[in-house]
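*Asks:* from the sequence below, what's the structure:
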Amino acid sequence: MVFRFSTEVPLRWVDIDSWGVLNNAVYLSLMEQARYEYFGKLGLLEAGQVGFVLAEATVRFLRPGRMGMRPSVSARTSRLGNSSFEMEYEVRAGAELLATGKAALVYVDAALKARPIPAAARRAIAAFEGIAAAPPG
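*Replies:* Residues are numbered from 1 along each chain as shown. The predicted model follows:
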């Protein structure tokens, strides 16, 4: 799997539990921050907002993160559907792989009803990732 986007996401003291280990819930926040920066890099934020919601997320924990680490998160879009898309993540501290993740996201309208992925977003993501831009069907 090839990741064309990676960003460093600093840890905060509050992210660490009493054992000095990165709290498991923080991994989703790290992935969310990387997703936001990914869409910013692609020029797809509208007034600092994204037009989609998270529908599902999974995280596989491989090694514990610890305070003092400088985690980086790689993000990529792996599939474009009609209104939904899938992203994959890797959280690393240096060469050490801490966790992997996947997310399903859905573009929505103001009433939070699914809507088609906007054409500009579809083109930008497909061009950046080198994946098919055409919706399935």
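*Asks:* in whichever strand in the chain runs longest, what counts as buried?
*Replies:* If you go by DSSP state E, the chain has its longest strand at strand 96-107. Buried residues in strand 96-107, counting neighbours by 16 or more other C-beta atoms under 10 Å, are found at 98, 99, 100, 101, 103, 105, 106, 107. (C-beta placed from N, C-alpha, C; glycine too.)
*Asks:* what's the spacing between that strand and its chain's center?
*Replies:* Offset of strand 96-107 from its chain centre (C-alpha atoms, centre = their mean, to the nearest Å): 6 Å.
*Asks:* so what strands line up beside it?
*Replies:* When pairing is defined by DSSP bridges, strand 96-107 lines up against strand 52-61 (antiparallel), strand 84-93 (antiparallel).
*Asks:* ranking the ones you listed by burial, who's on top?
*Replies:* Neighbour counts (mean count of other C-beta atoms under 10 Å) averaged over each of the strands paired with strand 96-107 peak at strand 84-93, with a mean of 20.
*Asks:* ok, and what's touching the longest strand of the chain?
*Replies:* 22, 27-28, 31, 35, 51-65, 71, 83-92, 114-118, 121 (C-beta atoms under 8 Å, 6 or more residues apart in numbering).
*Asks:* can you redo the strands paired with strand 96-107 as TSV with mean pLDDT and distance to residue 15?
*Replies:* Putting those into TSV (pLDDT from 0 to 100; distance: least, C-beta to C-beta, whole Å) gives the following:
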stretch	mean pLDDT	distance to residue 15
strand 52-61	97	14
strand 84-93	97	12
